[in-house]
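Q: need coordinates for the following:
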Amino acid sequence: MPYAPILLTSLLSGLSMPLIIGLAQRRDLYDKLDERKIHTGKIARLGGVGVFGAFVAVVLLLPFIVDSGLLRSLQSRLQKLLPLILGAAIMHLTGLVDDLSGGKVHAIPKLIFQITAALLVVLGGYRFKAFGFHSDILASQLSWFSVILTIGWIIGISNALNLIDGMDGLAGGISFIVTLAYGAFYQLTGDTENAFICLSLAGAVAGFLFANFPAPKAKIFMGDSGSLFLGFMLATIPFLGQTAGQEELSQIGLLPAMLVLAIPMTDTLCAIGRRLKAHVGITTPDRGHIHHKLLDHGFSPIRILFMVYLVTVFECFDFLVARYLPDLNGFLAELIGFCVVGIFFRYGFSLMPMTKTAQQTKTNPMVRVSRESTESAESAELAESAQGDSTGDSL
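A: Residues are numbered from 1 along each chain as shown. Got it, this is the predicted structure:
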């Protein structure tokens, strides 16, 4: 697997973050605080600019600067990739305008631009042509349904990653793991050009994560410019195999694509169901996402990330294994993966919120010592009182 694109885009993305943070400080471009947010202080929200810029610089500009067989092959494929490139740019710019306006862009204009980006993809000939890893009725009898399905998929996943971007390191970490898995998939099928694209994106996300990981806290957020761009890329990477002329070897159908993105997809479906049940708009924000549930129960951000990353790694491993299994066995492997995600969400949503006092006791050792001292003093007083009572009775 070529590691050079990961290192290069990671370096470019990582070096851009201090510059973007400095720009945000000068222009007061910070993420606004409200009752749903779990961060404190002023945090820049333009990390997606660095991710997008590093990815574009390596994938679109490097082939014209460096002369190598891989990059020459990628350069010859750029025309086929044009619908995906334009769609990604539209998504990034849509999110960037929203970030610069402080989140004041109405949902309808954003949705129109998202539909435009999705239409560019399907009009360019890209769509799901299989439920699994081999062409089936989606490529023939149900081709019309495949077009509708693909448009809904692109818009849905783009917004799903945007919705789950509510905790430091969460959306970025999921994106990094999934793009690595896609890169491994294309590398194993011999499609080094598309592996290069996936690994370049993984590197750009890794550079961002150095500034976004909660250790102890994030210095920058990706913003809508990053989440919509990454969501669009994760939704359309399964179609990259259709640019290679060896479609059957590198076919990624609907179910495998759903498998690796099962966590953000499930979280979004739960959010939609929750808001419909509450008779509010599906775009109405709340604190009911899976990471909120785990935080409210008392899990630390690092533990939550560990759990989400672990499940995502399992889903990606399941995806790679299912590719080499017979169709029925592959479907059963994918079913197991979906069940694991279902169990994870069932566990998360079954947790009861901790009281504020319990959270303080768990997170602050001084509070715990104070409470233990108080409880000990109260126990001693009760013991003395009981002793006095027994003495009085004997008299």
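Q: could you list the low-pLDDT ranges of this protein?
A: 1-2, 30-41, 64-67, 245-248, 355-395 (pLDDT under 70).
Q: between the two ends of stretch 211-227, what distance do you get?
A: 16 Å (Cα to Cα, to the nearest Å).
Q: contacts for it?
A: 14, 17-18, 20-21, 24, 31, 39, 41, 43-49, 51-52, 92-96, 98-99, 103, 158, 161-162, 165, 167-169, 171-172, 208, 230, 301-302, 305 (Cβ atoms under 8 Å, 6 or more residues apart in numbering). In short, each C-beta sits where N, CA and C put it, glycine included.
Q: output the longest helix belonging to the chain.
A: Looking across the chain with DSSP state H, the single longest helix is helix 69-100.
Q: buried ones in that helix?
A: Neighbour-count burial for helix 69-100, counted by 16 or more other Cβ atoms under 10 Å, picks out 70-71, 74, 77, 80-81, 83-85, 87-100.
Q: tell me the helix or strand right after it.
A: helix 107-123 (DSSP states H and E).
Q: tell me what that next one is packed against?
A: If you count contacts as 3 or more Cβ pairs under 8 Å, 6 or more residues apart in numbering; DSSP states H and E, helix 107-123 packs onto helix 69-100, helix 143-164, helix 223-236.
Q: one more time with 6 Å
A: helix 69-100, helix 143-164 (3 or more Cβ pairs under 6 Å, 6 or more residues apart in numbering; DSSP states H and E).
Q: coming back round to it: so what's the gap between the longest helix of the chain and the chain middle?
A: 19 Å (Cα atoms, centre = their mean, to the nearest Å).
Q: so that helix versus helix 143-164, what angle?
A: For helix 69-100 against helix 143-164, the angle between stretch directions is 60 degrees (axes from the mean of the first three to the mean of the last three Cα atoms, to 10 degrees).
Q: helix 69-100 vs helix 223-236, what angle?
A: Using the same axes, to 10 degrees: helix 69-100 against helix 223-236 is 140 degrees.
Q: circling back to that earlier point, among the helices and strands packed on helix 107-123, which is nearest residue 187?
A: Nearest of these to residue 187, taken as Cβ to Cβ: helix 69-100 at 11.7 Å.
Q: so the closest one versus helix 107-123, what angle?
A: Using the same axes, to 10 degrees: helix 69-100 against helix 107-123 is 160 degrees.
Q: rewinding a little: dump the helices and strands packed on helix 107-123 to TSV, plus distance to residue 122.
A: Formatted as TSV, the helices and strands packed on helix 107-123 follow (distance: least, Cβ to Cβ, whole Å):
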stretch	distance to residue 122
helix 69-100	9
helix 143-164	5
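Q: what's the closest of these to residue 200?
A: helix 69-100 (10.0 Å).
Q: now for that closest one, which elements pack on it?
A: With contacts taken as 3+ Cβ pairs under 6 Å, 6+ apart, helix 69-100 sits against helix 62-65, helix 107-123, helix 192-212, helix 223-236.
Q: including distance to residue 350, could the ones you listed go into TSV?
A: TSV is the format used below for the helices and strands packed on helix 69-100 (distance: least, Cβ to Cβ, whole Å):
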stretch	distance to residue 350
helix 62-65	48
helix 107-123	31
helix 192-212	29
helix 223-236	28
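Q: the stretch 201-350 of the chain: helices as residue ranges?
A: Assigned by DSSP state H, counting those that start in this stretch, the stretch 201-350 of the chain shows helices spanning 223-236, 254-260, 262-277, 290-297, 301-323, 327-350.
Q: tell me which of these sits most buried.
A: helix 223-236 (a mean of 29; mean count of other Cβ atoms under 10 Å).
Q: contacts only, for residue 146.
A: 127-128, 138 (Cβ atoms under 6 Å, 6 or more residues apart in numbering).
Q: now it: closest residue in space, sequence neighbours ignored.
A: Take residue 146 and drop its neighbours on the chain: the residue closest to it by Cβ to Cβ, 6 or more residues apart in numbering is residue 138, 4.4 Å away.
Q: which of the helices and strands packed on helix 69-100 sits most buried?
A: The stretch of those with the highest mean neighbour count (mean count of other Cβ under 10 Å) is helix 223-236, at a mean of 29.
Q: now do that helix against helix 192-212, angle only.
A: For helix 223-236 against helix 192-212, the angle by the same axes, to 10 degrees is 150 degrees.
Q: excluding its backbone neighbours, what's nearest residue 210?
A: Nearest one to residue 210, counting by Cβ to Cβ, 6+ apart, is residue 14 at 5.2 Å.
Q: name the secondary structure element that contains that neighbour.
A: Here residue 14 is assigned to helix 4-27, by DSSP H and E.
Q: quick check: what element follows that helix along the chain?
A: helix 47-56.
Q: counting contacts, what elements does that following helix pack onto?
A: helix 4-27, helix 192-212, helix 223-236.
Q: distance to residue 107 added to those helices, as JSON lines?
A: What follows is the helices and strands packed on helix 47-56, written out as JSON lines (distance: least, Cβ to Cβ, whole Å):
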{"stretch": "helix 4-27", "distance to residue 107": "24"}
{"stretch": "helix 192-212", "distance to residue 107": "25"}
{"stretch": "helix 223-236", "distance to residue 107": "12"}
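Q: picking that back up, distance check, the residue nearest to residue 146 against residue 232.
A: 21 Å (Cβ to Cβ, to the nearest Å).
Q: swap in residue 182?
A: Taking Cβ to Cβ, one finds residue 182 at 14 Å from residue 232.
Q: also residue 75?
A: 22 Å.
Q: same check on residue 209?
A: Residue 209 is 19 Å from residue 232, by Cβ to Cβ.
Q: now do residue 26
A: Going from residue 26 to residue 232 by Cβ to Cβ gives 29 Å.
Q: which of the contacts of stretch 211-227 are buried, as a PyMOL select command?
A: Here is the PyMOL command that selects only those of those that count as buried (16+ other Cβ under 10 Å):
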select buried, resi 14+17+20+21+24+31+39+43+44+45+46+47+48+49+51+52+92+93+94+95+96+98+99+158+161+162+165+167+168+169+171+172+208+230+301+305
